[in-house]
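Visitor: Below: sequence and its predicted model.
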Amino acid sequence: MISESPVNHRLSTASALDYASQQKVDFSTKAIVVSARDEHDMEGTVFEEDIPSLHKLQLTMDNGGRVKRTIICNNMVAYEMQQQPSKSDGRQVFQICARTIEGKAVFPLAEFTACVQVIATHMAQNVEVHGGDEVEKFSRLGFWSPRIKLLYARALAEYSTACARADADPSMLLDEVFVTAQISVRPFSLALTLCAFPFSSMGTCQVRVCKGTRPESFLRDFQLSDDPRGLTRLITPPVSDVILLDPTTRRLSQGLLSNFFATRYAPTPRADESAPRARYTNYLLVCAPLETIERGEMADRVWAICKRDGIQVSFAGPSLSEAVAGRWSGAFIVNRTYQVLPIDTMHLTDRQGTSVEFGVCPLVAHLQEQLLRERHAPAPAFL
């Protein structure tokens with residue numbers, strides 16, 4: 001495994017996420033499940049479940065051939081799971097995976113709920129072909145929003161109670177929570193499973209690098225994935241996104257669900273400067289040429305912060321060979337759902353199964369902090 005030595009200096013700011021000090025674990029052993037088997041049940045039944053390994057979760061890390069298709073919605077992926085009998089009688093089961101950040105303080109509830117609504121509408125339309133009349137009901141956001149909010153709130157409260165017990169399972173004491181929703185409309189079922197997020201440090205993520213370009217259909221907010229190579233099926237825990245590699249230039253462009261950036265130490269001459277690696281202005285931000293990527297709102301905000309704070313930016317495209325050689329100081333992805341997620345591990349798709357690990361980069365920490373401040377800033381008052 002190729003690993004870059006972590007930078008030991010951090011910005012001395014109270015709001016910066018201390019993701020360097022967090023530890024990885026192999027798997028969570030306990031989960032809190034809240035399940036509603038009736039559409040009129042707004043509270044659900046809560047119980048604790050053993051998870052001997054992550055492979056016991058319905059959506060396994062390697063899929064095991066169980067994912068039939070994917071749906072993209074609001075920077076999230078929903079997976080149709082292999083079921084018996086098949087959907088020939090209208091039965092389908094979909095799953096969505098998400099996570100908390102900032103020590104459980106932030107969960108993308110709006111995006112998560114919208115994704116549930118989209119896949120429920122899709123399932124109801126298939127049921128309608130077989131004599132069902134659930135489309136009008138299950139296609140309304142107003143049907144799903146209160147149910148998701150109540151079930152999530154109850155599950156998270158139960159999760160917090162379980163963590164506070166004297167005999168709490170150690171795996172549940174991690175900072176972040178992994179949330180899996182399983183939904184079907186015939187018969188109706190909505191279940192949320194909460195367990196520790198053991199794949200990355202707090203506020204960081206893992207990505208996989210694959211050759212290819214983003215299909216035009218990915219530019220829409222919602223689509224039944226036109227993904228003949230099955231790249232979206234790789235976005236399963238612990239992978240948060242697939243970063244696309246140009247096979248000709250060997251440079252990285254963007255993720256299927258996000259914009260991608262890398263950083264490199266490139267100090268500027270300063271006569272009286274001490275501890276130069278601790279200064280974020282001594283790092284270069286590298287991204288793909290603008291004409292080759294879809295410019296998202298979050299990417300524009302990153303560039304605006306760089307312009308304001310005097311940060312160097314290169315649009316030459318992040319070179320994979322530089323990453324493997326240990327010349328990157330860090331990398332991160334941005335999207336509307338999670339703002340900034342620093343990358344701690346980048347998995348390459350090669351015969352050796354190469355992975356590149358990153359430590360804490362002051363520039364990545366600075367951009368993350370600034371975007372978090374914007375997220376939590378009070379709305380302007382109008383007289």
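Guide: Right, received. Where do you want to start? Numbering: from 1, shown residues only.
Visitor: Ser355 is in contact with Thr345, correct?
Guide: Yes - at 5.6 Å, Thr345 and Ser355 qualify as touching, with contact defined as CB atoms under 8 Å. Using the backbone N, CA and C atoms, a C-beta is placed for each residue, glycine as well.
Visitor: Those two - which one has more neighbours?
Guide: Thr345 (22 against 15; other CB atoms under 10 Å).
Visitor: what sits against that one?
Guide: 200, 206-207, 238, 355-358 (CB atoms under 8 Å, 6 or more residues apart in numbering).
Visitor: Please enumerate the strands of the stretch 1-150 of the chain.
Guide: Counting by DSSP state E, counting those that start in this stretch, the stretch 1-150 of the chain has strands at residues 2-3, 30-36, 45-50, 67-73, 76-81, 94-99.
Visitor: Now tabulate those strands in CSV and tack on mean pLDDT.
Guide: Formatted as CSV, the strands of the stretch 1-150 of the chain follow (pLDDT from 0 to 100):
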stretch, mean pLDDT
strand 2-3, 38
strand 30-36, 90
strand 45-50, 89
strand 67-73, 71
strand 76-81, 77
strand 94-99, 84
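Visitor: who wins for proximity to Leu156 among the ones you listed?
Guide: strand 30-36 (8.2 Å; CB to CB).
Visitor: packing partners for that closest one?
Guide: strand 45-50, helix 141-164, strand 188-196 (3 or more CB pairs under 8 Å, 6 or more residues apart in numbering; DSSP states H and E).
Visitor: which stretch of helix or strand covers Arg264?
Guide: strand 259-265 (DSSP states H and E).
Visitor: Going C-terminal from that strand, what's the next secondary structure element?
Guide: That would be, after strand 259-265 and using DSSP H and E, strand 283-286.
Visitor: buried residues in stretch 294-307?
Guide: Across stretch 294-307, burial judged by 16 or more other CB atoms under 10 Å covers 296, 298-299, 301-303, 305-306.
Visitor: Save the residues you listed as CSV, and put in secondary structure, pLDDT and distance to Phe47 too.
Guide: What follows is these, written out as CSV (DSSP: H, G, I helix; E, B strand; the rest coil; pLDDT from 0 to 100; distance: CB to CB, whole Å):
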residue, secondary structure, pLDDT, distance to Phe47
Gly296, coil, 81, 39
Met298, helix, 90, 38
Ala299, helix, 91, 42
Arg301, helix, 93, 42
Val302, helix, 95, 42
Trp303, helix, 93, 47
Ile305, helix, 95, 45
Cys306, helix, 95, 48
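Visitor: nearest to Thr193, of the residues you listed?
Guide: For the buried residues of stretch 294-307, the nearest to Thr193 is Met298 (28.4 Å; CB to CB).
Visitor: Pro198 and Thr263: what is the separation?
Guide: Distance of Pro198 to Thr263, given as CB to CB, to the nearest Å: 26 Å.
Visitor: Looking at those two, which is more packed in?
Guide: Thr263 (25 against 19).
Visitor: any idea how far Trp328 is from that one?
Guide: Taken as CB to CB, the span from Thr263 to Trp328 is 7 Å.
Visitor: Same check on Glu297?
Guide: On the measure of CB to CB, Glu297 and Trp328 end up 25 Å apart.
Visitor: Could you do Phe358 as well?
Guide: Per CB to CB, Phe358 is found 7 Å from Trp328.
Visitor: give the contact list for the residue positioned nearest the centre of the chain.
Guide: With distances taken as CA atoms, centre = their mean, the residue of the chain nearest its centroid is Ser240 (4.4 Å). Counting by CB under 8 Å, 6+ apart, Ser240 makes contact with 205-207, 333, 341.
Visitor: Surely it is in a strand?
Guide: Yes - the assignment for Ser240 by DSSP: H, G, I helix; E, B strand; the rest coil puts it in a strand.
Visitor: Which parts of the stretch 251-383 of the chain are helices?
Guide: 297-309, 320-324, 362-376 (DSSP state H, counting those that start in this stretch).
Visitor: re the thing from before, which one of the strands of the stretch 1-150 of the chain lies closest to Thr281?
Guide: Between Thr281 and these, the tightest spacing by CB to CB is seen for strand 2-3, at 25.5 Å.
Visitor: ok, now how distant is the residue nearest to Thr232 when sequence neighbours are not counted from Leu244?
Guide: Nearest non-adjacent residue to Thr232, counting by CB to CB, 6 or more residues apart in numbering: Thr70, 4.2 Å away. From Thr70 over to Leu244 the distance is 16 Å, taken as CB to CB.
Visitor: ok, now Arg250?
Guide: For Arg250, the distance to Leu244 equals 12 Å [CB to CB].
Visitor: With Val286 instead?
Guide: From Val286 across to Leu244, the span is 15 Å (CB to CB).
Visitor: where in the chain is pLDDT low?
Guide: By pLDDT under 70, the weakly predicted segments of the chain are 1-28, 52-69, 82-91, 128-133, 174, 199-202, 214-230, 270-275, 376-383.
Visitor: Apply 50 and report the result again.
Guide: Residues of the chain that meet the criterion pLDDT under 50 lie in 1-26, 53-65, 85, 87-88, 217, 219-226, 271, 382-383.
Visitor: Tell me if I'm right that Ala31 and Thr193 touch.
Guide: Yes - taking contacts as CB under 8 Å, Ala31 lies within contact range of Thr193: 5.2 Å.
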